[in-house]
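*Asks:* missing the sequence, but the structure's below:
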């Protein structure tokens, strides 16, 4: 017994150190955003510049400052983060069963509504016929719908890809009620963003940055597990410490590279005229 305990300690420590490293990376990133020169608005705008056009007319203002993502993408990342967090907290991170048809139809409807509002806004911008005038409220609301679909899809992909023994008897979303709570929370957070209270700018700007890194990191973890033949091998979250570290570093590097490329192109070609 004592031999087995001594043999298991290095294994547990080896797994734990990756999570300590991930926590250290997260703390370093938070300190960089908070304490390096420049405002939170300027630093988050620069960090997320590669994944969003950041059009002023399409973005929400909180305390006079524009959020670093436009209204639609703000809704998408709020919805994705809330939904994935809710499903994981509910124990669905290991459930890889296909959702019922009514759930699939509802998620598909969310995506259709998001795309329809986007095409309507595009038609408005191009001076083409459009059913209604776009607004940031609609961009935000339909963005949350799309984000809920994205969060549910990411959770399903994670469960179906990572675990050695996923629970395929239970769907990741077992009914429409399972989406009602994250949808309500997402819209409630959207309403807070629309309130424009100055004190909310920092939490929203930093929250959007964290949500973007989380989405990219989850996709990176899934892709890295597949290409490294580590998919369908994990038995618990602690075993994923190394993969989580690499996934977060990959996500941060990719987001930074996209921002750098966009800044470089704008320096070379001139900034686009965005109203």
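*Replies:* Ah, there it is. The structure presented is a predicted model; accordingly, all values stated were derived computationally and were not measured.
*Asks:* can you show me the helices along the chain?
*Replies:* 2-35, 40-47, 71-89, 101-125, 136-162, 177-195, 201-227, 241-269 (DSSP state H).
*Asks:* out of the ones you listed, nearest to residue 95?
*Replies:* Nearest to residue 95, of all those, is helix 136-162, at 5.7 Å by C-beta to C-beta. Placement of C-beta: from N, CA and C, glycine included.
*Asks:* show me what counts as buried in stretch 39-51.
*Replies:* Residues of stretch 39-51 classed as buried: 40-41, 43-51 (neighbour count, 16 or more other C-beta atoms under 10 Å).
*Asks:* neighbours around residue 197, how many?
*Replies:* 12 (other C-beta atoms under 10 Å).
*Asks:* contacting residues for it?
*Replies:* Neighbouring residues of residue 197 by C-beta atoms under 8 Å, 6 or more residues apart in numbering: 62-63.
*Asks:* phi, psi of it?
*Replies:* In this entry, residue 197 is assigned phi and psi values of phi -60, psi 120 (degrees, to the nearest 10).
*Asks:* what of residue 172?
*Replies:* The phi/psi pair for residue 172 (degrees, to the nearest 10) is phi -60, psi -30.
*Asks:* that older thread, CSV for the helices of the chain, including distance to residue 168?
*Replies:* As requested, these are exported to CSV (distance: least, C-beta to C-beta, whole Å):
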stretch, distance to residue 168
helix 2-35, 26
helix 40-47, 38
helix 71-89, 16
helix 101-125, 16
helix 136-162, 8
helix 177-195, 17
helix 201-227, 17
helix 241-269, 22
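*Asks:* thought residue 130 was touching residue 117?
*Replies:* No - Residue 130 is not in contact with residue 117 according to C-beta atoms under 8 Å; the separation is 10.4 Å.
*Asks:* quick one, which of the two is more surrounded?
*Replies:* residue 117 (21 against 15).
*Asks:* so how far is residue 66 from the closest residue to that one other than its chain neighbours?
*Replies:* Leaving out its chain neighbours, the residue that sits closest to residue 117 by C-beta to C-beta, 6 or more residues apart in numbering is residue 142, at 4.3 Å. Counting by C-beta to C-beta, to the nearest Å, the separation of residue 142 from residue 66 is 20 Å.
*Asks:* thank you kindly, that will do.
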